[in-house]
Every structure is written in structure tokens, then in C-alpha cells.
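>>> Using only what follows, build the 3D model:
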Amino acid sequence: GTLVTLDELVELIGVDSLRYTLTRYPADSPLTLDVEEITRRASDNPVFYVQYAHARLSSIVRNAADLGLVLDVHTFDPALLADEREGTLLRALAEYPRVVARAAQLREPHGVARYLEDTASTFHKFYDSCRVLPQGDERPTDLHRARLLLVEATKTVVARGLDLLGVSAPERM
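Residues are numbered from 1 along each chain as shown. Predicted coordinates for the structure are as follows:
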């Protein structure tokens, strides 16, 4: 391996990639950085994958606003979210407070990073199988609204998790 300073590393891979990579491993584990992997814009790059999930979530929210889809949390019916992937995503979001509390208590931020990667993966599976927004002339249904609330909640959790790690949550990529 080659020895480089932190300044050189930030210059080479960027502050978000460095912060995320440093927090995704336990403090007592050896760290080998694969600069090629860390800078690749692909799903096998963990920071890209999580940030891309946030950008995709943001895009859905923007598109919903463009469609005039109005949300009302007071009329939200979780029973509408009956698909297995919706339930999996809901359960993942429910774990967030516990994950953060444990990471803080044990001073192990890698728990948050790994949680974000798992949540991003769960979201992508949900998105690939559950249509969130109406298409064409289709009128918005209560199911569209329920799924959009799930997207909003996921966006909030991913953004807050990235913020805890000192990593940006881009609206667009």
C-alpha cells in the first residue's frame, strides 16, 4: 500500500466518501481503502449507493409535488401497505431510533452506516416492485398517498442518518 495524508485522500476521493468510509468500519479494525471502489459511481460503492437512494427518494417527492399529490398524515392508513416489501421497509424504518441509540451508546458509528446501506437496499427493492406515483391519466389513490408517505419517511431517515455521519444527502445526482 501507499501512504497518503488525510488532505491528499480528501483531495483524491472527496470528503463525503472519506467520512462515510471511515465511519463504516469498527474503530478497532484494520482499514484498507480501495480508492477505485470508493470513487466509482456504482451500487458496489456504499456511499454512492446510500446517497443515490436519497436522490431517488427526493426525485419521487419532487415528481409527486409536480403531480399535485397532497399528503395528509392524519388520513394515513398503514393497512394499505400490504405488500411484503412495504412491510419490510416499514420495519427497517422503525429500527432507526434503536440503531442510532446503540451506535451512540457503544460509540460505534459503523452501525449507522451499515443500517443506511441495508435501508437503501430495502428501499430499492420496494421501489422496483411497488409503484409509488400514478402514471399517465391515472388518478392518485390512497395507496399512492400511503406509499408516498413511506417514501417521505425513508427520505427523512436516510438524510438524518447521513447527517449523523457528516455526509451530504444530495437531492439530485
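>>> Quick check: H144 touching V132?
Yes - applying Cβ atoms under 8 Å as the test, H144 and V132 come out as touching, 6.7 Å apart. In short, each C-beta sits where N, CA and C put it, glycine included.
>>> Tell me, please, where in this protein the pLDDT is lower than the cut-off.
Scanning the chain for pLDDT under 70 picks out 1, 33.
>>> What segments of it are helices?
Per DSSP state H, the chain carries helices over the ranges 6-13, 15-23, 35-39, 46-66, 84-106, 110-129, 142-164.
>>> Tell me what angle the fifth one forms with helix 110-129.
In terms of direction (axes from the mean of the first three to the mean of the last three Cα atoms, to 10 degrees), helix 84-106 departs from helix 110-129 by 170 degrees.
>>> on contacts alone, who are the packing partners of helix 84-106?
Counting contacts by 3 or more Cβ pairs under 8 Å, 6 or more residues apart in numbering; DSSP states H and E, helix 84-106 is packed against helix 110-129, helix 142-164.
>>> Among those, which comes closest to A79?
With Cβ to Cβ as the criterion, A79 lies closest to helix 142-164 of the helices and strands packed on helix 84-106, at 8.8 Å.
>>> residues of that closest one that come out buried?
Neighbour counts over helix 142-164 (16 or more other Cβ atoms under 10 Å) mark 143-155, 157-159, 161-162, 164 as buried.
>>> what sits against the residue nearest to M173 when sequence neighbours are not counted?
Leaving out its chain neighbours, the residue that sits closest to M173 by Cβ to Cβ, 6 or more residues apart in numbering is A55, at 4.2 Å. Going by Cβ atoms under 8 Å, 6 or more residues apart in numbering, A55 touches P170, E171, R172, M173.
>>> tally of neighbours for the third one?
Put plainly, it is R172. Applying other Cβ atoms under 10 Å, we find 9 other residues in the vicinity of R172.
>>> Please tell me I have it right and it contacts L57.
No - the criterion here is Cβ under 8 Å, and R172 misses it with L57 at 11.4 Å.
>>> list the contacts for K125?
Residues in contact with K125 (Cβ under 8 Å, 6+ apart) are R85, T88.
>>> Tell me how many other residues surround the nearest residue to R85 once chain neighbours are set aside.
Leaving aside its chain neighbours, R85 sits nearest to F126 (4.3 Å; criterion: Cβ to Cβ, 6+ apart). By the criterion of other Cβ under 10 Å, F126 has 24 neighbours.
>>> now the spatially closest residue to A113 that is not a sequence neighbour: how far from K125?
Leaving out its chain neighbours, the residue that sits closest to A113 by Cβ to Cβ, 6+ apart is R24, at 3.8 Å. Distance of R24 to K125, computed by Cβ to Cβ, to the nearest Å: 21 Å.
>>> now do D142
D142 is 23 Å from K125, where distance means Cβ to Cβ.
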